[in-house]
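Trainee: Got a sequence here, can you model it:
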Amino acid sequence: MRLASILLVVANLTATDLEHRIDVLAESSGPVGRGFAGIHVVDLATGKTIYRRNEDRLFLPASNAKLFTTALALLRLSPEHRFTTQIVRDGNDLVLTGGGDPSLSGRVFPYRKDAPMGPSLKTIEDLADQVVASGVRQIEGDIAGDDRLYPWAPYAPSWTQDDALREFGAPVSALSVNDNAIALFVRPAARPGDPAELSLDPALEYYAIDNRIATVARGSEAKIRIARQPGSRQLLIWGSIPAGHAPIVESLAIDDPALYAACALYDALTRRGIAISGNPVVRHRLATDDYEPPQGTVLASRTSPPLVSLLQTMDKVSQNLFAELILREVGRVSRHQGTREAGLEELDALLAELGAPKDEARLEDGSGLSRNAMITPRLMTRLLVFMHASKFREDWLSLLPIGGEDGTLKHRLCCMADGKGIRAKTGSLSRALALSGYADGKTHGRLAFSIIVNDFSAPQAEVRAWIDKIATALLE
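Mentor: Here you go, the predicted model:
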């Protein structure tokens with residue numbers, strides 16, 4: 001028998017062995033229960049499918065959708081693309097002009113695991129220093145937060161009201177500060193019966209807070225509830241916290257990020273002794289309105305880190321706002337409209353370039369928070385194979401969480417020596433869990449894989465463990 005034929009037989013035998021191992025795991029899927037699982041695995045060396053299960057069925061991908069946004073951004077914007085934020089003197093007003101930058105926060109770029117966050121409003125403070133250095137001592141008009149680069153459409157379809165309250169569903173604005181979120185710290189009072197103590201980070205007065213949280217006896221259960229009516233700047237907080245309990249931190253979304261940014265700049269300038277006659281105000285625009293940037297003298301400017309650094313943070317920690325802003329930037333650059341719709345149209349064009357059937361995807365946002373999004377595991381591996389063969393391979397691979405090492409996989413696949421052989425994007429919603437990426441197997445070499453589970457009844461931790469068992473099998 002010729003050597004090539006022998007190698008083909010061996011490859012077929014090992015592929016059959018792997019298929020059998022995954023079948024055993026998949027068919028003994030106790031944690032998945034009555035749920036629905038899809039799996040697709042492709043050998044990158046040959047391009048052949050070596051495992052399939054419901055690979056052509058539609059699944060809710062959760063944050064696996066960020067892989068599509070990431071690929072689109074690399075291909076349409078380039079890894080070195082940057083965003084610019086400016087402060088412009090426009091008549092009597094001082095205008096903080098948003099450029100779509102997701103990085104106006106205390107985050108560290110490039111991403112480093114365990115790196116502590118810096119001051120939440122450091123970028124605003126730095127811009128305020130530039131204004132003072134320019135010689136400004138008095139402002140006769142308002143401090144305007146201008147996010148008109150992208151039309152004001154802060155939420156995607158099928159995001160929920162609870163999403164809008166929490167930081168993971170923060171509204172999308174071309175002027176975004178501190179991930180458009182605040183941290184609310186709830187601490188018990190010294191004595192039961194007294195109201196709990198509240199503090200904010202950033203420590204900026206923006207929301208009016210109605211505090212109805214009582215301090216209760218030690219050993220009691222902590223119960224915190226929060227509500228905000230849409231369009232309101234009042235938070236209602238109620239419940240209880242036991243005496244001696246550690247602080248409870250609630251991460252909450254800012255309802256109007258551009259107005260919040262204007263308030264933050266107003267505060268920073270007044271603390272530097274600048275007299276301001278007006279107030280913090282906001283400038284939005286509708287998609288039907290033309291965009292005309294503020295005219296006047298540029299007093300301060302900030303340029304973002306390169307896009308590849310932003311994408312790394314986005315994918316490593318699964319940051320939704322980054323994905324939504326970058327999708328809109330693709331729309332602005334490629335189709336001259338900084339809208340979600342324009343970004344999705346460009347994504348449809350990319351999928352067509354990949355030869356993907358139109359019925360294998362329905363995406364409504366850039367982050368995967370949409371409950372109406374649907375993709376097939378086969379489409380996901382098609383994207384993974386394409387990007388692995390692209391000129392952006394090394395950048396692309398550097399963005400993915402590493403098993404047991406960093407990002408959303410830091411505490412997964414961490415009890416096995418080969419866990420770092422998995423580079424993959426996680427996805428998590430209440431009825432969807434996903435893991436898609438690459439496995440460096442001892443037998444088959446590098447594999448592209450997608451595992452998605454929907455509509456399960458078991459606890460999420462059990463389903464994640466089951467998914468990890470499937471991924472681990474690919475390393476053998």
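Trainee: what's the next secondary structure element after the least confident helix or strand in the chain by mean pLDDT?
Mentor: Every helix and strand in the chain was compared by mean pLDDT, DSSP states H and E; the lowest is helix 3-27, with a mean of 62. The helix or strand immediately downstream of helix 3-27 is strand 36-43, counting by DSSP states H and E.
Trainee: in its sheet, what does the helix or strand just after that following strand sit against?
Mentor: Next helix or strand after strand 36-43 toward the C-terminus (DSSP H and E): strand 49-53. Each strand paired with strand 49-53, and its direction, by DSSP bridges: strand 36-43 (antiparallel).
Trainee: which SS class is Gly76?
Mentor: No, residue 76 isn't Gly; it's Arg. helix (DSSP: H, G, I helix; E, B strand; the rest coil).
Trainee: residues in contact with it?
Mentor: For Arg76, the contacting residues are 330, 333-334, 346, 350, by CB atoms under 8 Å, 6 or more residues apart in numbering. Heads up, the C-betas are built off the backbone N, CA and C, glycines and all.
Trainee: residues in contact with Ser450?
Mentor: Ser450 neighbours (CB under 8 Å, 6+ apart): 38-40, 55, 64, 377-378, 380-381, 384, 434-436.
Trainee: Confirm it sits in a strand?
Mentor: Yes. Counting by three-state DSSP, Ser450 is part of a strand.
Trainee: Could you report the neighbour count for Gly219?
Mentor: By the criterion of other CB atoms under 10 Å, Gly219 has 9 neighbours.
Trainee: Please disregard the earlier target; I meant Asp365.
Mentor: When neighbours are counted by other CB under 10 Å, Asp365 registers 25.
Trainee: With His411 instead?
Mentor: Neighbour count of His411, defined by other CB under 10 Å: 8.
Trainee: again, but for Leu25
Mentor: By other CB under 10 Å, the residues close to Leu25 number 16.
Trainee: got it, and Pro157?
Mentor: 11.
Trainee: Pull the contacting residues for the residue lying closest to Thr49 once chain neighbours are set aside.
Mentor: Counting by CB to CB, 6 or more residues apart in numbering, Val42 is the residue found nearest to Thr49 once chain neighbours are left out, at 5.6 Å. Listed by CB under 8 Å, 6+ apart, the contact set of Val42 reads 48-50, 381, 384-385, 447-449.
Trainee: so of the contacts of Arg76, which ones are in helices?
Mentor: Among the contacts of Arg76, the members falling in helices are 330, 333-334, 346, 350 (criterion: DSSP state H).
Trainee: So which of these wins on neighbours?
Mentor: Going by other CB under 10 Å, Val330 tops the ones in helices among the contacts of Arg76 with 26 neighbours.
Trainee: Looks like that residue contacts Glu341 (just checking).
Mentor: No. Between Val330 and Glu341 there is no contact under CB atoms under 8 Å: 11.6 Å.
Trainee: now the contacts of Arg76 in a markdown table, with distance to Arg272?
Mentor: As requested, those are exported to a markdown table (distance: CB to CB, whole Å):
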| residue | distance to Arg272 |
| --- | --- |
| Val330 | 37 |
| Val333 | 35 |
| Ser334 | 40 |
| Glu346 | 42 |
| Leu350 | 46 |
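Trainee: Low-confidence regions, the protein specifically.
Mentor: Applying pLDDT under 70 to the chain flags the ranges 1-16, 29-30, 416-417.
Trainee: hey, where'd the helices end up in the stretch 251-400 of the chain?
Mentor: Along the stretch 251-400 of the chain, the segments classed as helices by DSSP state H, counting those that start in this stretch run 257-271, 307-317, 320-335, 340-353, 377-388, 393-398.
Trainee: and the longest one, what other elements does it pack with?
Mentor: Other elements packing on helix 320-335 under the criterion 3 or more CB pairs under 8 Å, 6 or more residues apart in numbering; DSSP states H and E are helix 66-77, helix 307-317, helix 340-353.
Trainee: So what's the residue count around Gly193?
Mentor: 10.
Trainee: Report the contact partners of it.
Mentor: Gly193 touches 214-215, counting by CB under 8 Å, 6+ apart.
Trainee: Check Tyr266 too.
Mentor: Per CB under 8 Å, 6+ apart, neighbours of Tyr266: 143, 276, 279-280.
Trainee: And for Pro195?
Mentor: By CB under 8 Å, 6+ apart, the neighbours of Pro195 are 189, 211-215.
Trainee: now, which of the residues you listed sits nearest Ser105?
Mentor: Asn211 (26.4 Å; CB to CB).
Trainee: Quickly list what that closest one is bridged to.
Mentor: Under the criterion used (DSSP bridges), Asn211 bridges to Ile237.
Trainee: returning to what we had before: any idea which of the helices of the stretch 251-400 of the chain gets closest to Ala300?
Mentor: Nearest to Ala300, of those and by CB to CB, is helix 257-271 at 9.6 Å.
Trainee: That closest one vs helix 320-335, what angle?
Mentor: For helix 257-271 against helix 320-335, the angle by axes from the mean of the first three to the mean of the last three CA atoms, to 10 degrees is 110 degrees.
Trainee: So for helix 257-271, what gets flagged as buried?
Mentor: 257-269 (16 or more other CB atoms under 10 Å).
Trainee: Surely Ile276 and Ile139 touch.
Mentor: Yes. Contact criterion CB under 8 Å: Ile276 and Ile139 qualify, at 4.7 Å.
Trainee: the more surrounded of those two?
Mentor: Ile139 (20 against 17).
Trainee: That one contacts Asp90, doesn't it?
Mentor: No. If you go by CB under 8 Å, Ile139 and Asp90 don't touch, sitting 11.0 Å apart.
Trainee: Quickly find the element holding Ala183.
Mentor: strand 181-187.
Trainee: Strand partners (parallel or antiparallel) of that strand?
Mentor: Sheet partners by DSSP bridges: for strand 181-187, these are strand 197-201 (antiparallel), strand 248-253 (antiparallel).
Trainee: are any of the contacts of Val42 buried, and which?
Mentor: Buried among those (16+ other CB under 10 Å): 50, 381, 384-385, 447-449.
Trainee: Can you pick out the most distant pair from the residues you listed?
Mentor: Top of the distance list for the buried ones among the contacts of Val42 (CB to CB): Ile50 and Leu384, 13.9 Å.
Trainee: Tell me which residues touch the nearest residue in space to Ala37 that is not next to it in sequence, please.
Mentor: In this structure, Ala37 finds its nearest non-sequential neighbour in Val453, 4.7 Å apart by CB to CB, 6+ apart. Each residue near Val453 by CB under 8 Å, 6+ apart is listed here: 32, 35-38, 432-434, 463, 466-467.
Trainee: Highest neighbour count among those residues?
Mentor: Ala434 (29 neighbours).
Trainee: Looks like it contacts Ala65 (just checking).
Mentor: No. The criterion here is CB under 8 Å, and Ala434 misses it with Ala65 at 9.1 Å.
Trainee: what is in contact with those two at once?
Mentor: Shared contacts of Ala434 and Ala65, defined by CB under 8 Å, 6+ apart, are found at Gly427.
Trainee: and which of the buried ones among the contacts of Val42 is nearest Val177?
Mentor: Closest to Val177, out of all of those and judged by CB to CB, is Leu384, at 33.8 Å.
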